[in-house]
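[1] From the sequence below, what's the structure:
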Amino acid sequence: MNQITSQHLQNRQGLLHDKVAIITGASRGIGAAAARLFAREGAIVTLIARTESSLAALTEEIRAAGGQADYVTANLAEAGSIEHAVQTTLDRYGRLDIAFNNAGAAIPPGPLAETEEQGFDFIQDVNYKAIWRAMVAEIRAIRSTSGRGAIVNTSSVGSLKGNPTLSLYGAAKRAVNSLTQTAAIEYGPEGIRVNAIAPGTTMTEMIQGWESEQPGVIDHLNSRTPLRRAAEPEEIAEAAAWLLSDRAAYVTGVILPVDGGLSA
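    Numbers count the residues shown, from 1 in each chain. You can find the predicted model right below:
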């Protein structure tokens, strides 16, 4: 088989052909877009989120389109929840190859001195500690089954510099960046790549909630973005898919802005 024919078959099979994947925060937004995309690209996807009705509907949608999908309900702010989801995936498919840790949450925006400790704890639990828990479970699963694999965490463009009115969110995401880079160094020698994406303004429920609290914020962010628009969730999912694929085989420890140039 010549090189051109081999490449054609690889493309036809899909970017994530036959990879067993976990996606957290999969019931909506970037996570749901990633679930559809990864399945189209040939992955066997396990969708993880809290809302069973949304997960069940999306799973059936993917199956109806010819993809392979199942789901596990989990609250990632609770200890043991992600471990159960990962173990369920191993029980079903015998291995784990890739994981996209996308679950996240926000609180109403406001100045740092007006934030409450309850909000701090909530943001840290969901946006930072939950990703740490997920990475621990996923790395152990990859090491014990496939041996090699890849993980992508969802960070934020707000983690790359000061983040007025969203200080706790930005701080938690900056912590995710550190975890990502440290894990990349520690597990790179074993063939496990760990990267993060840092989305800019993206049309999800989270940004819509921010717009409700601060009308005009989307237009303001778009005016600062060189591409002069917000991203669709599918555009963010494409970046995650590439980083998880073998085409990014020499990429690890990267915090990749997917922000239309906002951080430039």
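[2] Now for the most centrally placed residue in the chain: which residues touch it?
    When CA atoms, centre = their mean is applied to the chain, the residue found nearest the centroid is residue 102 (3.0 Å). Residues touching residue 102, when contacts are defined by CB atoms under 8 Å, 6 or more residues apart in numbering, comprise 23, 24, 25, 26, 30, 31, 34, 154, 240. Bear in mind the C-beta positions are built from the backbone N, C-alpha and C, glycine included.
[3] hmm, 10 Å instead?
    Counting by CB atoms under 10 Å, 6 or more residues apart in numbering, residue 102 makes contact with 23-26, 29-35, 48-49, 131, 134, 152-154, 197, 199, 233, 236-237, 240.
[4] Repeat that for residue 36.
    For residue 36, the set of contacting residues under the criterion of CB under 10 Å, 6+ apart consists of 26, 45, 58, 61, 62, 65, 67, 69, 233, 234, 237.
[5] Now restrict the residues you listed to buried residues only.
    Applying 16 or more other CB atoms under 10 Å to those, the neighbour count classes 26, 45, 58, 62, 67, 69, 233, 237 as buried.
[6] just these now: which is nearest residue 222?
    residue 233 (16.3 Å; CB to CB).
[7] which non-adjacent residue is nearest that closest one?
    When the adjacent residues along the chain are set aside, residue 233 lies closest to residue 33, with 3.9 Å between them (CB to CB, 6 or more residues apart in numbering).
[8] Sticking with that neighbour, tell me its helix or strand.
    Under the criterion DSSP states H and E, the helix or strand holding residue 33 is helix 29-40.
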